[in-house]
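Asks: have a look at this prediction, sequence included:
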Number of protein chains: 2
Amino acid sequence: MTNEFSYVALGLKVWKAQLDRADKLFGGLSSEEVLREIAPGRNRLLYLWGHLTATHDAMLPLLGLGERLHPEFDGAFISTPDKSKADIPSDDQVRRAWNVVNAELWKGFEKMSWSDWLQRHTAVSEEDFAKDPSRNRFAILLSRTNHLSYHLGQAVLGLK
Amino acid sequence: MTNEFSYVALGLKVWKAQLDRADKLFGGLSSEEVLREIAPGRNRLLYLWGHLTATHDAMLPLLGLGERLHPEFDGAFISTPDKSKADIPSDDQVRRAWNVVNAELWKGFEKMSWSDWLQRHTAVSEEDFAKDPSRNRFAILLSRTNHLSYHLGQAVLGLK
């Protein structure tokens, strides 16, 4: 095992650990519980779950792993705040999308070599990447893992 | 720049980004604001700030960077829940400790080579490390960065 691979393996291990926590937290909620707010007047658990799903879905093209599976989630969970739209995906739809998206990401991660992770992500141009090679795929992995932790810290407040 | 160094630089960049967010969030609070709860009946901002300070302080020996500077914080912010002790460090004491501890950590990080990060952290024995080399210092960096993000997601709820 190369040193480079050690770092990638650690990044993936921490991603997986946070994802397992999220699976356990959101996966165990009933259709009523998922509508709980994390604090009075704040986001509902369903919104956070959908928001994380949409964010992870957007990682597929960003990391060059394929097309988005649920671009329609953005309208409900990214570009508008919670409780501003009457018609958002149900908890069953979010649950299914969450599982499919994260499985697809993991399948992609497993095929990536350590050097793939140091390539530019698709939201940065070749010119900008030449100036700042830290705008790579590993940076996306680390920042999205922290994004997940950030919202997990909030979601846990919505539990009993 | 070696590839190994690229990964370490990214890990440090993400740590620094979260730390900057925390500096901005906690650093701007008045002595009254710091006593706000993140949600009714939940932890106060001061407790989260002290908790993060104690956790970061404990990284010094864990990463082999030196002795702890504020082991006395554990009693107030780690081993007991918020509002269970009358006498805990003031916001001024937490602010000072937070700044000193994070500066000391950063000084240590700057001296570490990429291969230092793949060495075992001090809470794992040599035998256990031989069995699982992922229990290294880079793993501590990534997991503590996520710990910081987790509580930042909560702390932001305590702001106006």
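Replies: Looks like it came in fine.
Asks: mind listing what the residue nearest to the spatial centre of chain A touches?
Replies: What sits nearest the mean C-alpha location of chain A, by CA atoms, centre = their mean, is A:H56, with 3.0 Å. Contact analysis of A:H56 by CB atoms under 8 Å, 6 or more residues apart in numbering or on different chains lists A:W98, A:V101, A:N102, A:L105, A:R144. (C-beta placed from N, C-alpha, C; glycine too.)
Asks: surely the third one touches A:L19?
Replies: Yes: with the criterion set as CB atoms under 8 Å, A:N102 and A:L19 qualify as a contacting pair; they are 6.1 Å apart.
Asks: which residues are in contact with both of those two?
Replies: With CB under 8 Å, 6+ apart, A:N102 and A:L19 have no common neighbours.
Asks: hmm, stretch A:73-91 touching chain B?
Replies: No: against chain B, stretch A:73-91 shows no contacts by CB under 8 Å from any CB of the partner chain, the least distance being 13.5 Å.
Asks: format the CA atom coordinates belonging to that stretch as CSV.
Replies: Extracted in CSV, the C-alpha atoms of stretch A:73-91 (Å, rounded to 0.1, in the frame of the first residue of the first chain):
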residue,chain,number,x,y,z
PHE,A,73,-34.2,17.7,-5.1
ASP,A,74,-32.5,21.1,-5.3
GLY,A,75,-35.7,23.0,-5.6
ALA,A,76,-37.0,21.5,-2.4
PHE,A,77,-33.9,21.2,-0.3
ILE,A,78,-31.1,23.6,-1.6
SER,A,79,-32.5,26.7,-3.3
THR,A,80,-35.4,27.2,-1.0
PRO,A,81,-35.6,27.2,2.9
ASP,A,82,-37.7,24.6,4.7
LYS,A,83,-41.4,25.1,4.9
SER,A,84,-41.5,27.5,1.9
LYS,A,85,-42.9,24.9,-0.5
ALA,A,86,-46.0,22.8,0.1
ASP,A,87,-44.9,20.0,-2.2
ILE,A,88,-41.6,18.5,-1.4
PRO,A,89,-40.5,14.8,-1.7
SER,A,90,-41.9,12.5,1.0
ASP,A,91,-39.8,10.7,3.6
